[in-house]
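Student: Here you go, sequence then predicted model.
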Amino acid sequence: MEPFLSLAHLTVLDLPPPAVVRVAAEAGCRAVGLRLLPVAPGAAGWPLQDDPALLRETRAAMAATGVAVADLEIVMLRPETRIADFLPFFEAGAALDAKHVLVAGYDPDEARLTATFAAFCEAAAGFGLTGDLEFMPWTDTPDLAAAIRVVRGAAQPNGGILVDALHLDRSLSRVEDLAAVPPAWLHYWQLCDAPAERPATTEGLLHTARAERLFPGEGGLDLPPLVRAMPPGIPVSLEIPTLDLARTMGPEARVRRAATAARRVIAAARA
């Protein structure tokens, strides 16, 4: 089975959404993920919800290439989060016919975070969107076990867990633990590689995650068991920022290399 590859915006974050769609199409990806909300104030993001012209251009690129929008990012749930503030974001998602939203937990009160996640999923459902909680070691859902608790507690039919190959390893979660995740919670997942040695600091974790990952099969992560553990038909998001390489290799070549490497790793794991 040919894998359903989706190009995550972080892989080519300097490109505006229409260009991401076109680059994805050239590499044979069937979908993209778009970053409408920045990871931090002043960080890169493409707020299509505030730019009708760019939204129209993105939709035109989708129509011309046949590439869909699989997911939108990145929603950070904090103690002060107000779900109503996401209405323009949801409307942009509906206009793009997006399916999923990447959600991160930044609230140390797990009960409150669970309630906020439930409210977010309930609101997102009205726009045909899922809420997919990504566990990351520096957040307040630092590992798979924490993500399972929040999603189970929220008890929303469109709630899910986003598994990123890097964060699964760095959080010391295990592939075997994915057996506790209902398949209906797995809407898409993220594939990359990285050095086997885990960074000792949060700064090191962030640098690898946001700037310097490796193409699948070129690092030390144990990817084949993860590939086999994930439902075969869901989108595989290629989230592989390589900022050093980007100085000498254009986005088209990097995305082609990412897609080729992903196909090779997935095919070998499922053989």
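Tutor: Okay, I see it. Residues are numbered from 1 along each chain as shown.
Student: CA only for contacts and neighbour counts going forward, please
Tutor: OK.
Student: what does the longest strand seen in the chain rub up against?
Tutor: Criterion DSSP state E: the longest strand present in the chain is strand 68-77. Contact with strand 68-77 is made by 6, 30-39, 62, 93, 96-107, 113, 116-117, 235, as judged by CA atoms under 8 Å, 6 or more residues apart in numbering.
Student: quick one, helices of the stretch 101-250 of the chain?
Tutor: 110-125, 144-154, 165-170, 202-210, 223-229, 243-246 (DSSP state H, counting those that start in this stretch).
Student: Need these in TSV (columns: distance to T81 and mean pLDDT).
Tutor: Output for these, formatted as TSV (distance: least, CA to CA, whole Å; pLDDT from 0 to 100):
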stretch	distance to T81	mean pLDDT
helix 110-125	8	98
helix 144-154	16	98
helix 165-170	24	98
helix 202-210	23	95
helix 223-229	33	97
helix 243-246	31	96
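Student: Could you pull out the strands in the chain for me?
Tutor: Remark: strands assigned in the chain by DSSP E are 5-7, 31-35, 68-77, 100-105, 130-134, 159-164, 189-191, 236-238.
Student: need the contact list for P232.
Tutor: By CA under 8 Å, 6+ apart, the contact list for P232 reads P3.
Student: before we move on, back to that, quick check: mean pLDDT of the longest strand of the chain?
Tutor: The average of the pLDDT scores along strand 68-77 is 97.
Student: Pick the most buried one from the strands of the chain.
Tutor: Mean neighbour count, computed with mean count of other CA atoms under 10 Å, is highest for strand 5-7 among those, reaching a mean of 30.
Student: Residues touching that strand, excluding its own?
Tutor: By CA under 8 Å, 6+ apart, the residues outside strand 5-7 that reach it are 20, 24, 28-33, 70, 235-239, 255, 259.
Student: and if we set it to 7 Å?
Tutor: Contact partners of strand 5-7, identified using CA atoms under 7 Å, 6 or more residues apart in numbering, comprise 24, 29-33, 235-239.
Student: List the buried residues for the biggest helix by length in the chain?
Tutor: Taking DSSP state H as the criterion, the chain has its longest helix at helix 251-270. By neighbour count on 16 or more other CA atoms under 10 Å, the buried set for helix 251-270 is 251-252, 254-256, 258-259, 261-263, 265-266.
Student: Can you list phi and psi of the residue lying closest to R112 once chain neighbours are set aside for me?
Tutor: Distance criterion CA to CA, 6 or more residues apart in numbering; nearest residue to R112, sequence neighbours excluded, is P79 at 7.5 Å. Main-chain dihedrals, P79, degrees, to the nearest 10: phi -60, psi -30.
Student: For W138, see how far away P79 is.
Tutor: As judged by CA to CA, to the nearest Å, P79 and W138 stand 16 Å apart.
Student: Looking at these two, which is more packed in?
Tutor: Neighbour count, other CA atoms under 10 Å: between P79 and W138, W138 has more, with 17 against 14.
Student: Need the phi and psi values for the more buried one.
Tutor: Residue torsions, per degrees, to the nearest 10, at W138 are phi -90, psi 0.
Student: What residues does it make contact with?
Tutor: Taking CA under 7 Å, 6+ apart, we find W138 in contact with T202.
Student: Output the strands of the chain in TSV; the columns should cover distance to L55.
Tutor: Listed next are the strands of the chain as TSV, based on distance: least, CA to CA, whole Å:
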stretch	distance to L55
strand 5-7	18
strand 31-35	11
strand 68-77	12
strand 100-105	17
strand 130-134	21
strand 159-164	26
strand 189-191	25
strand 236-238	22
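Student: Please identify which of these is closest to L54.
Tutor: strand 31-35 (12.5 Å; CA to CA).
Student: That closest one: partners in the sheet, and parallel or antiparallel?
Tutor: strand 5-7 (parallel), strand 68-77 (parallel) (DSSP bridges).
Student: No further queries at this time; thank you.
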